[in-house]
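1. next comes the sequence, and after it the predicted model I'd like to discuss.
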Amino acid sequence: VEAGARGIYAEKPFVRSPAEADQIAAACKKTGTKIAVAHRNRYHPTLLTVQKLMADGTIGKVLEIRGRGKGDKRGGSEDLWVLGTHVLNLVSFLGGGLTACSATVKQDGELVTKAHIKEGAEGLGPLAGNEVHARFDTKLGPIAYFDSIADDGAKNQGFGLQVVGSEGLIDIKIDTDPLAQLSKGNPFQTAGQTRTWVPISSAGPGVPEPRADMKAFVGMHIAAVSDLIDAVKNDREPLCGLMEATQTVEFVCAVFESHRQGGTRVTLPLAERRNPLSLFA
């Protein structure tokens, strides 16, 4: 930023704490630099279709949103940071924003304490826990959840989120084609019901994707970088810019802050801007 870059496209998570995000925001305010963060699924046009299906009652009353990490050997806190941020970013978008969090973090079945904290891989800063369970309040009302357990045995198939409605489910898998699928019917009913899944394109459920290059457009970051270039030209916030990326980092830190306070519900945005794992007594 200080070198004068007009636009920066950054990997996620782009910082380790809200305090670091605040520093970058202050620098960008001086220079006018635009920052976009590589939550590439956030740029997928099908998300607008999913948003419409939720709003128009296609799946009935929206009851909850459930997200999971990959659940591989990195499961728990590392999964929350490096892959769960993709999920929480989409959970926030579909939930209209997140307003509070309560959470539990465990290491091999034990509640995480200061003794468990160590320097994380991938430059993540302090890290602890191979099991994470979090609950978020959304602005639109439905409660949202995020869970990650190391080596959960699900073979990465849980990586994404499900919107659970009284009359159906919408399943979103991160970095897949198609991104989302719809299953109609009461999600809790088993007797007399065969569950089928219909792909959702940017044009709607069961409609072929009209954009032939959609996989490359999103997956090769063309959508994200094109949006960043336009944001620089027109002096606007990128679609997944500094503000949204900072919020996603806060969601992660809210998990640790709630756990640090014994599972207490903490509100967003966070008053404590430091990484909570650096504050354990």
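-> Received it, and whenever you're ready, just let me know what you need.
2. CA atoms for contacts and neighbours, from now on please.
-> Noted.
3. and the helices in the stretch 51-200 of the chain?
-> Ranges of helices within the stretch 51-200 of the chain are 77-82, 84-95, based on DSSP state H, counting those that start in this stretch.
4. mind listing residues that contact the shortest one?
-> This points to helix 77-82. 12-13, 69-72, 105, 120-121, 124, 127-132, 148, 252 (Cα atoms under 8 Å, 6 or more residues apart in numbering).
5. need the single longest helix in this structure, by residues.
-> Longest helix of the chain, by residue count under DSSP state H: helix 242-260.
6. output the contacting helices and strands for it.
-> Here helix 242-260 touches helix 18-31, strand 34-37, helix 84-95, strand 98-107, strand 266-267, going by 3 or more Cα pairs under 8 Å, 6 or more residues apart in numbering; DSSP states H and E.
7. that helix - what's its average pLDDT?
-> In this model, helix 242-260 has a mean pLDDT of 97.
8. Gln162 against Gly168, yeah?
-> No: applying Cα atoms under 8 Å as the test, Gln162 and Gly168 come out as separate, 10.3 Å apart.
9. ok, Ala38 touching Ile8?
-> No: here Ala38 does not reach Ile8: they are 10.5 Å apart, not a contact under Cα under 8 Å.
10. neighbours of Thr104, how many?
-> 23 (other Cα atoms under 10 Å).
11. what of Met243?
-> Neighbours of Met243 using other Cα under 10 Å come to 16.
12. and Arg195, what's its pLDDT?
-> On the pLDDT scale, Arg195 gets 88.
13. same thing with Gly192?
-> Listed pLDDT for Gly192 reads 79.
14. got the contact list for it?
-> So Gly192 contacts nothing (Cα under 8 Å, 6+ apart).
15. quick one, which of the helices of the stretch 51-200 of the chain is packed in tightest?
-> helix 77-82 (a mean of 25; mean count of other Cα atoms under 10 Å).
16. pairing partners for the nearest residue to Arg195 once chain neighbours are set aside in the sheet, please.
-> Excluding the flanking residues, the one nearest Arg195 by Cα to Cα, 6 or more residues apart in numbering is Ser183, at 6.6 Å. Under DSSP bridges, the beta-bridge partners of Ser183 are Leu169.
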